[in-house]
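> Sharing a model that was predicted from the sequence below.
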Amino acid sequence: MTPTPEQFRNIEPKICTDCGKKIVEMHESYLTQCDKCLSHVEHL
């Protein structure tokens with residue numbers, strides 16, 4: 001079965017695992033944190 005645009009509109013938004021806010025994304029992403037919380041993460 002081919003997905004319809006209506007099915008994509010009904011997908012629940014991703015929620016940031018740190019702050020609980022909705023993650024705004026424009027494409028498929030495996031991130032679990034919003035941009036604000038990611039900016040506080042130390043990069044190794």
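Structure received.
> Now do the helices in the protein.
Ranges of helices in the chain, per DSSP state H, are 5-9, 35-38.
> lowest-confidence helix or strand of the chain?
Scoring the helices and strands of the chain by mean pLDDT, DSSP states H and E places helix 5-9 at the bottom, with a mean of 81.
> rewinding a little: could you single out the most deeply buried of the helices of the chain?
Among the helices of the chain, ranked by average contacts under mean count of other CB atoms under 10 Å, first place goes to helix 35-38 (a mean of 13). The C-beta positions use only the backbone N, C-alpha and C, and glycine is treated the same way.
> average pLDDT for it?
Taken as a whole, helix 35-38 has an average pLDDT of 89.
> So what touches that helix?
Cys16, Asp18, Cys19, Lys21, Leu31 (CB atoms under 8 Å, 6 or more residues apart in numbering).
> Settle this for me: the second one is touching Ser39, isn't it.
This means Asp18. No. At 11.1 Å, Asp18 does not count as touching Ser39 under the criterion of CB atoms under 8 Å.
> Compare these two and say which one has the larger neighbour count.
Asp18 (14 against 8; other CB atoms under 10 Å).
> quick one, what contacts that one?
So Asp18 contacts Gln33, Cys34, Cys37 (CB under 8 Å, 6+ apart).
> Relative to Phe8, how far out is Thr17?
23 Å (CB to CB, to the nearest Å).
> if I pick Gln33, what's in contact with it?
Applying CB under 8 Å, 6+ apart, the residues near Gln33 are Cys16, Thr17, Asp18, Ile23, Val41.
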